[in-house]
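# model this:
(one chain, ligands or ions: 1)
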Amino acid sequence: MNPAPALTAVVDIDVPGPTISRHLYGHFAEHLGRCIYDGFWVGEDSEIENIGGIRADVVEALRSIAIPNLRWPGGCFADEYHWTDGVGPRDERPRMVNTHWGDVEENNHFGTHEFMALCELLDAEPYISGNVGSGTVKETSDWVEYLTRAGDSPMARRRAENGRREPWSVKFFGVGNEPWGCGGNLTAQQFSTLARQHATYARNHGENSLYRIAAGGSEDDYVWTEVLMKQLTRGLQDPSPSDLYQAISFHCYTMSGSWMDKGSATEFSEEEYWTTLARAERVGEILAGHVAVMDAYDPAKKVGLVLDEWGTWWNVEPGTNPGFLHQQNTLRDALVAAVHFDAFHAHADRLRLANIAQTVNVLQSMLLTDGRRLILTPTYHVFAMSVGHHDARRLPVNPVRAGAVHEADGREVSTVKVSASTKDGTVTITAANLDPTSSAVIELHLRGGDGGVITGAQVLTSADPRDHNTAEDLDRVAPVPFEGAVWDGGLLRLDLPAASFVSLQLSA
Ligand code: AHR
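Down below sits the predicted model:
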C-alpha cells in the first residue's frame with residue numbers, strides 16, 4: 001500500500017496565470033572579496049583559461065543556467081564607485097580603497113567595458129547600480145550617456161576612444177543601494193528627493209529605454225515602500241505611475257542566528273536547519289506586505305517590485321578575511337533557494353526581477369573558485385533545474401489536502417512545496433521536501449489537459465543537509481535522474497526523498 005500523501009493538489013493546466021519572468025532568476029556581482037577578482041576576472045595574462053580576462057569556465061557554467069541578468073557593481077560598493085575610474089587603459093586607472101569590503105585596494109581593472117563584455121558573453125541583461133550615496137547627478141547622467149548614446153556626443157566619443165563605438169543596450173538601471181544604511185544613511189524622504197533628481201537625468205537615449213529601479217527598504221520596511229510609492233509615482237490621485245521609475249526594490253537575507261552571529265554555513269543542528277527554512281519562508285509574507293502597499297497606489301500593477309539582494313548570509317568561512325563574506329553552500333542553501341522560488345512564482349504579477357547575492361565566491365554563491373577548479377554549489381543546481389520556469393506562465397496548484405507542516409522559529413513551515421508552469425506546450429513541475437528525516441509523497445491531479453509524458457526528471461538530495469561540494473568532492477550534492485515520479489491512475493505521484501528538490505517536464 002502507498003503511504004498517505006503529504007500533499008494532494010489539483011493543477012489547473014488550462015488556467016495559466018501571470019508570466020514568471022526569467023529575471024526572477026537574476027544574479028549579482030559586487031566588488032567584494034573574491035567575486036570580481038578571482039571569480040569573474042583573472043586578467044588576460046592568467047594561466048586560467050579566459051576570454052579577454054574573464055574566466056571561461058565561469059561563463060560556461062552561468063550560460064548553462066540561462067543567467068538572465070547580472071547586477072553590478074554593488075551593493076554598498078556601488079555607492080562608493082565612480083565609473084570614470086573604471087574606463088580607459090587599465091594600467092592608468094586610478095586606484096581606491098574598498099573600505100566596505102576588507103579595506104583592500106581596488107585597481108579598477110574590471111570596469112564598464114569589462115562588465116559589458118561579460119554580459120555579452122553570458123547573453124545576460126546588464127543591471128547597472130548607480131551611485132547616489134557619494135555620486136553626483138552628473139555622474140549618473142554621464143554614465144547613462146556613455147553606456148547607451150549613439151552618434152556624436154561627449155560621452156559617446158569618450159566611449160569610442162576607449163574602444164567601443166557602438167552603444168550598449170542597457171535596460172535595468174538601479175538608483176542607489178540601501179540608502180537607509182551604507183548608501184548614505186538617508187531617510188526615505190531624503191532619498192526620494194535625490195532619487196527623483198537622479199532618475200530625471202538618467203535619460204533614455206535613442207531607442208534605449210531604461211527600467212529605473214529605486215533602492216528600497218530592508219525586509220518588511222513597508223513604510224519605505226509607501227514613501228517611495230507616494231514620492232516617485234503619481235500616487236492615489238492618478239494611478240498611472242510616472243515615467244521616472246518603473247520599479248521599487250527591497251533586500252531580504254536569511255540566517256539562522258542574528259546579524260552579530262549568523263550561524264555556520266556547514267555546521268548546524270536540526271533545529272538550526274528548521275529555523276533557517278522558517279526564516280526563508282518569511283520572504284513570501286514580506287513580498288505580500290510590499291505588494292499590498294503597492295496595490296493601494298498602483299492597482300494596475302504598473303510599478304514593478306524588485307528583490308535585488310536575497311540569499312543566505314552565514315559567518316564567514318573560518319580563516320578567511322571577514323570582509324570577504326566567503327561561505328560554503330550546502331543542501332540547506334539549495335532548499336532555501338527552492339523556498340524563495342515558490343514565493344517568487346506566487347507573486348509573479350508584481351515581482352519583476354530578483355537577484356541572489358552573490359554569483360561567485362561571496363554569500364550564497366552559484367560558483368566557488370579554487371585556483372583552476374570550479375565548484376558548482378547545490379544552489380547552482382536548483383537554478384539549473386528551474387530553467388523550465390523562465391518566462392513560462394504560472395499554473396495554479398490548489399491543495400485538496402493541506403501539506404504537512406513543521407513548527408519552527410514561531411511559525412508553521414509547509415514542509416512540501418510545489419510550483420508548476422507552462423510554456424510552449426510543456427509543463428514544468430518543481431517540488432521540494434524540506435523534511436530532513438522523512439520522505440514525502442505528493443499527488444497532483446493535472447486537470448484541464450492531457451498529463452503528458454514525464455521527461456527530464458531530476459532530483460537533488462544528499463544523505464545530510466550539511467553536505468556540500470568541494471574541489472576534492474565536486475559532485476557530492478548534484479542532480480541525478482529521478483525515478484520517483486509515476487502516473488498512478490490519473491494522478492501524478494512524486495515520491496520525494498528527505499531534504500530534496502525535484503524537477504520534471506510533462507511533454508505532450
Ligand atoms: O551583498 C552584500 C551586501 O549586503 C551588499 O553590498 C549590501 O547592499 C547588503 O547589505
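
# can we go C-alpha only for contacts and neighbour counts from here?
Fine.

# Residues contacting whatever helix or strand residue 336 lives in, please?
Using DSSP states H and E, residue 336 sits within helix 331-346. Residues outside helix 331-346 that contact it (Cα atoms under 8 Å, 6 or more residues apart in numbering) are 20, 24, 273, 276-277, 280-281, 283-284, 287, 311-312, 351, 364, 378-382, 394, 417-419, 432, 434, 461-462, 464-468, 477, 499-501.

# In strands only, show me these.
The strands, defined by DSSP state E, take in 20, 311, 312, 351, 394, 417, 418, 419, 432, 461, 500, 501 from those.

# what's the distance between stretch 208-220 and the middle of its chain?
14 Å (Cα atoms, centre = their mean, to the nearest Å).

# Can you give me the buried ones in that stretch?
For stretch 208-220, burial by neighbour count (16 or more other Cα atoms under 10 Å) applies to 208, 210, 211, 212, 213, 214, 215, 216, 217, 218, 219, 220.

# Over to stretch 402-412?
Buried residues in stretch 402-412, counting neighbours by 16+ other Cα under 10 Å, are found at 403, 404, 408, 409.

# Can you give the contact residues for that stretch?
Outside of stretch 402-412, the residues within contact range by Cα under 8 Å, 6+ apart are 6, 7, 8, 271, 274, 275, 278, 279, 413, 414, 415, 416.

# Pull out the buried members of those residues.
Among the contacts of stretch 402-412, those buried by neighbour count (16+ other Cα under 10 Å) are 6, 7, 8, 274, 275, 278, 279, 413, 414, 415, 416.

# quick one, strands of the stretch 151-300 of the chain?
Counting by DSSP state E, counting those that start in this stretch, the stretch 151-300 of the chain has strands at residues 172-175, 211-218, 247-254.

# Adding distance to the ligand and mean pLDDT, write these out as a markdown table.
Listed next are the strands of the stretch 151-300 of the chain as a markdown table, based on distance: least, Cα to the nearest ligand atom, whole Å; pLDDT from 0 to 100:
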| stretch | distance to the ligand | mean pLDDT |
| --- | --- | --- |
| strand 172-175 | 12 | 98 |
| strand 211-218 | 9 | 96 |
| strand 247-254 | 8 | 97 |
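
# What residues does this protein have near the ligand?
Contacts of the chain with the ligand, taken as Cα under 6 Å from any ligand atom, map to 74, 75, 76, 177, 178, 357.

# Quick check: the residue of the stretch 301-450 of the chain nearest the ligand.
residue 357 (5.3 Å; Cα to the nearest ligand atom).

# Residue 365 versus that residue, what's the distance?
According to Cα to Cα, to the nearest Å, residue 357 and residue 365 sit 7 Å apart.

# what do you get for residue 85?
27 Å.

# Kindly report the same for residue 51.
Going from residue 51 to residue 365 by Cα to Cα gives 22 Å.

# more crowded one of the two?
Between residue 51 and residue 365, residue 365 has the larger neighbour count (other Cα atoms under 10 Å), namely 28 against 17.

# could you point out which element follows the helix or strand that residue 118 is a member of?
Here residue 118, judged by DSSP H and E, is contained in helix 112-122. Remark: after helix 112-122, the chain's next helix or strand is strand 125-130, criterion DSSP H and E.

# Poorly predicted segments of the chain, please.
1-3, 234-242 (pLDDT under 70).

# ok and the residue in it nearest the ligand?
Closest contact between the chain and the ligand, by Cα to the nearest ligand atom, is at residue 75 (3.2 Å).

# Am I right that that residue is in contact with residue 100?
No. Using Cα atoms under 8 Å, residue 75 is not in contact with residue 100; the gap is 9.9 Å.

# out of the two, which sits in the more crowded spot?
Legend: neighbour count by other Cα under 10 Å for residue 75 and residue 100, higher for residue 75 (25 against 16).

# Assign residue 446 to helix, strand or coil.
strand (DSSP: H, G, I helix; E, B strand; the rest coil).

# Please look at it and residue 491 and confirm they touch.
Yes. Under the criterion of Cα under 8 Å, residue 446 makes contact with residue 491 at 7.2 Å.

# okay, and the common contacts of these two?
When Cα under 8 Å, 6+ apart defines a contact, no residue borders residue 446 and residue 491 alike.

# hmm, who's touching the helix holding residue 118?
Residues external to helix 112-122 that are found in contact with it (Cα under 8 Å, 6+ apart): 54, 59-60, 62-63, 67, 69-70, 72, 83, 86-87, 125-126, 168.

# Quick one: buried ones out of these?
54, 59, 62-63, 67, 69-70, 72, 83, 86-87, 125-126, 168.

# Format these as JSON lines; extra columns: secondary structure.
Output for these, formatted as JSON lines (three-state DSSP):
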{"residue": "54", "secondary structure": "strand"}
{"residue": "59", "secondary structure": "helix"}
{"residue": "62", "secondary structure": "helix"}
{"residue": "63", "secondary structure": "helix"}
{"residue": "67", "secondary structure": "coil"}
{"residue": "69", "secondary structure": "strand"}
{"residue": "70", "secondary structure": "strand"}
{"residue": "72", "secondary structure": "strand"}
{"residue": "83", "secondary structure": "helix"}
{"residue": "86", "secondary structure": "helix"}
{"residue": "87", "secondary structure": "coil"}
{"residue": "125", "secondary structure": "strand"}
{"residue": "126", "secondary structure": "strand"}
{"residue": "168", "secondary structure": "coil"}
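
# Spell out, range by range, the helices that occur in this structure.
56-64, 112-122, 137-148, 154-161, 188-201, 222-232, 270-297, 331-346, 378-385 (DSSP state H).

# now these in JSON lines, with distance to residue 439?
As requested, the helices of the chain are exported to JSON lines (distance: least, Cα to Cα, whole Å):
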{"stretch": "helix 56-64", "distance to residue 439": "30"}
{"stretch": "helix 112-122", "distance to residue 439": "37"}
{"stretch": "helix 137-148", "distance to residue 439": "51"}
{"stretch": "helix 154-161", "distance to residue 439": "57"}
{"stretch": "helix 188-201", "distance to residue 439": "47"}
{"stretch": "helix 222-232", "distance to residue 439": "38"}
{"stretch": "helix 270-297", "distance to residue 439": "16"}
{"stretch": "helix 331-346", "distance to residue 439": "15"}
{"stretch": "helix 378-385", "distance to residue 439": "19"}
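
# which one of those lies closest to residue 371?
With Cα to Cα, the closest approach to residue 371 among the helices of the chain belongs to helix 56-64: 11.8 Å.

# Might you calculate how far the closest one sits from the centre of the chain?
Using Cα atoms, centre = their mean, the offset of helix 56-64 from its chain centre is 17 Å.

# now swap in stretch 163-174 and tell me
On the basis of Cα atoms, centre = their mean, the separation between the geometric centre of stretch 163-174 and that of its chain is 22 Å.
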